[in-house]
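Novice: show me the folded form of this:
(chains A, B and C)
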Amino acid sequence: MAVANLLGNLKKSAIAALWLAFLTLPVMVIRVDTVEKTVTWRWMHLAYMLVGSFVLAVAWHFLMDRRDRGAANRDSGGGETQSALSLWLENPSVMRPLMAFGLLVAVAFPWVFSMYQTNILISALIYVVLGLGLNITVGLAGLLDLGYVAFYAVGAYAYALLNHHFQLGFWTVLPLGAILGAFFGILLGFPVLRLRGDYLAIVTLGFGQIVRLVLENWSAFSNGPAGISNISRPGLFGVTYGVDQATTYIYYIMLALVVLTIFVTARLKDSRIGRAWLALREDEIACQAMGIDNTRAKLMAFALGATLASLMGVVFAAKTTYINPASFTFMESAMILAIVVLGGMGSVLGVILGAFLLILLPEYMRAFSEYRMLIFGATMILVMVFRPQGLIRAKRKVYKINTEAA
Amino acid sequence: MKSRWFLTVLGVAMAGLMAVGCGGEKKEEKKADAAANATAAAPAKKLVLGVAGAHSGDIASYGLPTLNAAKLVAKELNAKGGVNGMQVEVLAMDDQCKPELATNAATKLVSEKVAIVVGHTCSGPTKAALPIYKDAKVVVMSPSATSTELTQVGNYPNFFRTISYDLIQGKAAAEFAMSELKVKKVAIIHDKGDYGKGFAESAQKTFADGKTVTVALFEGITTGGVDYSAVVQKIKASGADCVLYGGYYPEASKIITQMHKKGVKIHFISDDGVKDDTFIKTAGVDAEGAYATGPQVLADNEVFKKAAADHEKEFGSKPGAFFPQAYAAAQALLNAVAKAGSTDYDKVVAALHSELIETPVGKIKFDAKGDAEGASFSVYQVKNGKYELVK
Amino acid sequence: MEYFLQLFLGGLSRGSIYALIALGYTMVYGIIELINFAHGEIYMIGAFMGLIVAGVLTAMGWPTLSILVIALIIAVLYSAAYGYTVEKIAYKPLRGAPRLAPLISAIGMSILLQNYVMLAQTPDFLPFPRLIPDLEFMGPYANFLATSDLFIIITSISVMVALTMFIKFTRMGKAMRATAQNRKMAMLVGVNVDQVISVTFMVGSGLAAVGGVLIASHIGQINFAIGFLAGIKAFTAAVLGGIGSIPGAVLGGLVLGWTESFAAGYISSDYEDVFAFCLLVLILIFRPAGLLGKQRSQKV
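Specialist: Just a heads-up that it's a prediction; the model follows:
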């Protein structure tokens, strides 16, 4: 049985490899120059492609089998079974020490590792918060937002401009940025209240593009594509730091913000508004029928998500000390969305894992230089295919009512 | 069961990655320390040349030729026994032309104790990364970051470049239009990018100072667009007798083709990003007569001829955008290290300011602000499918 | 008036380019309700396929028009094969997964395909031969409309008509409509949903290739990144017209093209995209299901 299965897989893989080789033949092998009228044939590439795709196909079939068997097991077992790991993680006597340990490692990190490591970890932490913010809009309230990066830009430009023109410091602008973000969130929220699904997605995408284009074109306001440089790093009571210390300092600020965000979102999820969002996500009409104020819930979701993004924008501007519109493209929104979905929609731990995976992976793959984005794209597909629910599946809180006692 | 298995694998993989990333780096640092300690006794074997820039994403076509150029220079020098007895190794750092990734790339290079860097491709990321390099005393040389303030403000003594900056380019193009072409009314178009808009603004300023020319139109276009007929009609309606375009060759060739299709046959002047043979190839006959400013890459420049031939041999294609500048940057940096005798920051900087070197952009050294000196700058015109020097 | 007419025709040609890409997009979109970010990349691969075929045939000295036909055929076949494979790898395993999962794998696929072409071919822009010859009788009107513009307009309209017929009258078309309305129900009445989706992807990708070859030949250059913007514009046009509506995709494309053209002509090309997106928001506020989309009342 197993042998037959293996042979079958090998045969399938061979066919897949031949098919892929045929598919990629023109692009891989032929290079033309229509002006000079020359054609170059690179047959060696075909051989690489054949071998490579065969190995990949074998791995694919192997993993696919596992996945399908897993699914079959689950079906026969009936209902959703919780994995042993998540059960284990849920146990407070395991969870608490684990969290404490994680925090300890996080606090010690900049003293143990180099500035580069700290630097990319700050990026990852920024994306953790961005992911958690978008998670409110997309994961909890079910409003697909493809222009999330606009709010990130609002925060970044708020700090950059206020710093540039009025020399306002990081700590002054941080709350201002949050308020501005909430304002923009509501501003976007109003016109799209009626829209659903992909119509909502395209309008938010449009909003994101509009913000970027305005920043690009309105030079008098934003200095256009040349961007704003020499933004101050955060100071503490008038003390300014060099690059190295500032990195460590920003790292701790970020760490505190992440912990705060995790706390807030975790509490929000089980609050009245959090339950309202979940209801909104599942069925808008039923939600309204139950007496939930849809408009308010939607606007809250947009505003909260935007606030977090805007906060991160401020930190981002302070960290890179230079911003230009190129950092706020649609691809950035897509990346944040990928963090949420890949990590597991609605799950805090999932979003954290997703952010670490998607932000740190390309950094650690620098050794592959030109090939890293290729591998990155493939990884995204693979994770999605083998974990469609995301890395960590979000759990609904179950309220148990003890009927016997009553 | 399944999710547990998967999570374990994922966890192990992540841990492995972290370990490889951190561990590798730790080792590197130790090695570097050891090397530093041992320099007195025996010279280290490797000289790492960092190449930071857009190696993926939609700007990659302007960043990857730089990487190729650095590889070629390294290969050539290694064949001759390296620099100061060290083999040159190229370390590529992708920034996708994004400021935040540029800071990551810069800190990575600094962590790896790289002392000389060719990069970055775009001005914005360069601005974001320079404070980090400056702090770590790394010498940086860009083949393509043209933002005026990078050198002219004087914030970054560690920054050099082999390309002339926006102010000069825009001014040269505008002056050429005024004095040689005697235009009266000009339409300035740019691609809204850092580079293109910088060029356009500097030209606009020069026209305003010159007072003999009116700027009838100043507008940005969307890169990657499929159709520029609206802008072309606008140029036509404005009655301009010259178009000045700031940006890169793909859009330039689209615009000039559409202009000719719509019967708008007026002067077309553009910048270094257009002075590329690919422009002539993509625009075909429509490129005839177009002007572009650029450094003097003379057809009989031996270094350039050899570099281009090497590129064909090594990569099987013609060199891409900013290749001569990148080749010159890698040459200049490595030459400075050779002349300085070490990668000591002050000595390398001093050598860059004083040592002349023969490069594809001419025989150059660098002025006090970090701009290349000796690279002559000229205006070219497309004649019979080739860029020919006019001034 | 002449200026207006010029802008109108410019917008028409720009809009029909968007429409041509949006047609394939909306088809896939209508049936599996997936924002297929990889569609733009299929369009790009179609264009590259056209370039490669054209390059080989030019080197062999074939006449232009026959090159155009052969390049189109091969590009369509290959892109259909790519569409089929992409669907099998990135979307089929995700049937029944949460709605956003295929969206993310589509983004991954888009990154993968872009980098694959970049590494296998070149990051540079490549000149694309002008395969569409300039017809003589168009000479006097070239100021308004070039032959290639005309070609693209005619192609998008004929593709629209053909697709509508296909979906209305053929067996496969009926199966597609059934799948689009209710996939489970279609399965129950004996429609082979997997096959229908495969065919949809192949047809959609083939159309993307038609767009790729014609548009590349019209513009005269391609590189690995052209698919991204095309994908966004096609998405916009498809939503503007109403998701899944085939005449809607064409109308959406044209409205988008005109908006951009007039905004650039009368206001400023700096802000043409801003106006396009503002218009989109306005239209969707008043017609939340797009111009030709069915305003279905929500079932409770």
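Novice: switch to C-alpha atoms for all contacts and neighbour counts from now on
Specialist: OK.
Novice: which intervals of chain A have sub-threshold pLDDT?
Specialist: For chain A, residues meeting the criterion pLDDT under 70 lie at A:1-2, A:71-92, A:237-240, A:369, A:396-397, A:403-406.
Novice: which residues sit in contact with the residue most central in space within it?
Specialist: For chain A, the residue nearest the mean C-alpha position is A:Ile339 (2.4 Å; CA atoms, centre = their mean). Contacts for A:Ile339 were tallied using CA atoms under 8 Å, 6 or more residues apart in numbering or on different chains; they are A:Gly131, A:Val351, A:Gly354, A:Ala355, A:Leu358.
Novice: ok, those residues vs A:Gly291, which is closest?
Specialist: Nearest to A:Gly291 among the contacts of A:Ile339 is A:Gly131, at 29.6 Å by CA to CA.
Novice: residues near that closest one, how many?
Specialist: 31 (other CA atoms under 10 Å in any protein chain shown).
Novice: element containing it, please.
Specialist: helix A:115-134 (DSSP states H and E).
Novice: mind checking if that helix is in reach of chain C?
Specialist: No: applying CA under 8 Å from any CA of the partner chain, one finds helix A:115-134 separated from chain C by no less than 13.4 Å.
Novice: next secondary structure after that helix?
Specialist: Sequence order places helix A:149-166 as the next helix or strand after helix A:115-134, per DSSP H and E.
Novice: which residues touch the nearest residue to B:Glu302 once chain neighbours are set aside?
Specialist: Distances taken as CA to CA, 6 or more residues apart in numbering or on different chains place B:Pro360 nearest to B:Glu302, at 7.7 Å, with adjacent residues excluded. B:Pro360 makes contact with B:Val297, B:Asn301, B:Glu302, B:Val303, B:Phe304, B:Ala307, B:Pro324, B:Gln325, B:Tyr327, B:Ala328, according to CA under 8 Å, 6+ apart.
Novice: likewise C:Ala225?
Specialist: By CA under 8 Å, 6+ apart, the contact list for C:Ala225 reads B:Gly57, B:Asp58, C:Met44, C:Gln114.
Novice: can you tell me which one of those residues sits lowest on pLDDT?
Specialist: Here the lowest pLDDT out of those sits on B:Asp58, with 74.
Novice: now the residue in the stretch 51-200 of chain A that chain C sits nearest to: phi and psi?
Specialist: For the stretch 51-200 of chain A, the residue closest to chain C is A:Leu195, as judged by CA to the nearest CA, at 5.9 Å. With angles defined as degrees, to the nearest 10, A:Leu195 sits at phi -80, psi 150.
Novice: what helix or strand does the residue nearest to it when sequence neighbours are not counted sit in?
Specialist: Leaving out its chain neighbours, the residue that sits closest to A:Leu195 by CA to CA, 6+ apart is C:Pro288, at 5.9 Å. Assessed by DSSP H and E, C:Pro288 sits outside every helix and strand.
Novice: so C:Pro288 is in contact with A:Leu193, correct?
Specialist: No: shown here, C:Pro288 and A:Leu193 do not form a contact pair, counting by CA atoms under 8 Å, at 10.3 Å.
Novice: between the two, tell me which one has more neighbours.
Specialist: Counted by other CA under 10 Å, C:Pro288 and A:Leu193 do not tie: C:Pro288 has more neighbours, with 22 against 15.
Novice: how near is that one to chain B?
Specialist: Applying CA to the nearest CA, to the nearest Å, the value for C:Pro288 to chain B is 28 Å.
Novice: so what's residue 221 up against?
Specialist: Chain wasn't specified; assuming chain A. Taking CA under 8 Å, 6+ apart as the test, what A:Phe221 contacts is A:Leu215.
Novice: my bad, chain C
Specialist: C:Gln221 sits next to B:Pro250, B:Thr282, C:Phe125, C:Leu126, C:Pro127, C:Phe128 when contact means CA under 8 Å, 6+ apart.
Novice: give me the neighbour count for the second one.
Specialist: Yep, that's B:Thr282 we're talking about. 26.
Novice: you'd agree it is up against C:Pro127?
Specialist: Yes: if you go by CA under 8 Å, B:Thr282 and C:Pro127 touch, sitting 4.3 Å apart.
Novice: which residues of the stretch 151-300 of chain C lie near chain B?
Specialist: So the stretch 151-300 of chain C meets chain B at C:215, C:219-221, C:224-226, C:229, C:261-262, C:264-265, C:268-270 (CA under 8 Å from any CA).
Novice: most surrounded residue in the residues you listed?
Specialist: For those, the largest number of neighbours (other CA under 10 Å) sits with C:Ser261, at 32 neighbours.
Novice: is it fair to say that one lies in a helix?
Specialist: Yes: looking at C:Ser261 with DSSP: H, G, I helix; E, B strand; the rest coil, it is inside a helix.
Novice: output the longest helix belonging to the chain.
Specialist: Defaulting to chain A. In chain A, with assignment by DSSP state H, the single longest helix is helix A:43-77.
Novice: please refer instead to chain B.
Specialist: Chain B, longest helix under DSSP H: helix B:60-79.
Novice: neighbouring contacts of that helix?
Specialist: Helix B:60-79 is contacted from outside by B:51, B:53-55, B:82-83, B:87-90, B:92, B:96, B:118, B:121, B:143, B:307, B:310-311, B:319-324, B:326-327, B:330-331, C:122-125, using CA under 8 Å, 6+ apart.
Novice: residues near residue 113, how many?
Specialist: I went with chain A, as the question did not name one. Neighbour number of A:Phe113 under other CA under 10 Å is 14.
Novice: not what I meant, chain B
Specialist: 17.
Novice: B:Leu334 and B:Asn84, how far apart?
Specialist: 10 Å (CA to CA, to the nearest Å).
Novice: same drill for those two, tell me which one is more crowded.
Specialist: In this view B:Leu334 and B:Asn84 are compared by other CA under 10 Å, and B:Leu334 has more residues nearby, 26 against 20.
Novice: now the more buried one. Nearest residue, chain neighbours left out?
Specialist: B:Val83 (7.1 Å).
Novice: for that neighbour, name its beta-bridge partners.
Specialist: Following DSSP bridges, B:Val83 is listed with bridge partners B:Met86.
Novice: wait, it sits on B:Ala338?
Specialist: Yes: under the criterion of CA under 8 Å, B:Val83 makes contact with B:Ala338 at 5.6 Å.
Novice: more neighbours, the two?
Specialist: B:Val83 (22 against 18).
Novice: returning to what we had before: quick one: which of the contacts of C:Ala225 is nearest to A:Met49?
Specialist: Nearest member of the contacts of C:Ala225 to A:Met49, counting by CA to CA, is C:Gln114, at 16.8 Å.
Novice: contact partners for the closest one?
Specialist: Contacts of C:Gln114 by CA under 8 Å, 6+ apart are C:Glu41, C:Phe224, C:Ala225.
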